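Trainee: sequence-free structure coming up:
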């Protein structure tokens, strides 16, 4: 999608509240999340063989950042061993209160902790540059669907470096430091110069999602720390 700069339209700053649905202001809104347990993010996994959850070591936890980054800061940890060379790990949340049947430009600013360098070479791909960070907004709840042999997604997320109609690539998992440094570092990614568009239905509710789409055939463990989503109504 062509780059679109955010306008100077005044937006209402709202911190995400607890509960299953976060209600923003309208028509233009900022939503801020810190992935605390009270925000009720739901975690899912797809693009792996059915029944192989233990083999893929699929885990998640409402926890805090690694101790060197501030163990008192909340984070959502998601981890998996990508034996399929295509593992997708995601977190999702429902929001409501947007204008019904309205087109919005959506931008994401996401911060997370990474322990992989873009300079590293790994099995099947790089642990840093072959794991892609994706974000999206959908009318339906993003979820895995069965078979016949693999779990796949019910939305169009694209595949690894390629974007889908329901997601946009924000960057890669890796930090720019040397490969021998496997200590966790904070990294920020965004789509401020490549905005994403969505049209609400008559309910004004949407699902937001962030995730990793991996071509690295080993373990990736990510700690999501903060997310800002901006909705700008398109006249």
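Mentor: Sure thing, it's come through. Remember, it's a predicted structure, so these values are computed and weren't measured experimentally. Residues are numbered from 1 along each chain as shown.

Trainee: Which residue would you name as the spatial centre of this protein?
Mentor: With distances taken as CA atoms, centre = their mean, residue 210 lies nearest the centre of the chain, 1.3 Å away.

Trainee: strands paired with the one helix or strand it maps to, and their directions?
Mentor: According to DSSP states H and E, residue 210 maps onto strand 206-214. Strand 206-214 pairs in its sheet with strand 88-95 (antiparallel), strand 131-138 (antiparallel), by DSSP bridges.

Trainee: Partner strands of the helix or strand following the first one and their direction?
Mentor: In other words, strand 88-95. Once the chain leaves strand 88-95, the next helix or strand it forms, by DSSP H and E, is strand 103-114. Sheet pairing of strand 103-114 (DSSP bridges) gives strand 185-190 (antiparallel), strand 196-199 (antiparallel), strand 219-233 (antiparallel).

Trainee: Give me the neighbour count for residue 202.
Mentor: Neighbours of residue 202 under the rule other CB atoms under 10 Å: 7. All C-beta spots, glycine's among them, are computed from the backbone N, C-alpha and C.

Trainee: excluding its backbone neighbours, what's nearest it?
Mentor: residue 100 (4.8 Å; CB to CB, 6 or more residues apart in numbering).

Trainee: I'd say the one you found and residue 200 touch.
Mentor: Yes - with contact defined as CB atoms under 8 Å, residue 100 counts as touching residue 200 (5.7 Å).

Trainee: Who has more neighbours out of the two?
Mentor: Shown here are residue 100 and residue 200; by other CB under 10 Å, residue 200 has more neighbours (20 against 12).

Trainee: Thank you, goodbye.
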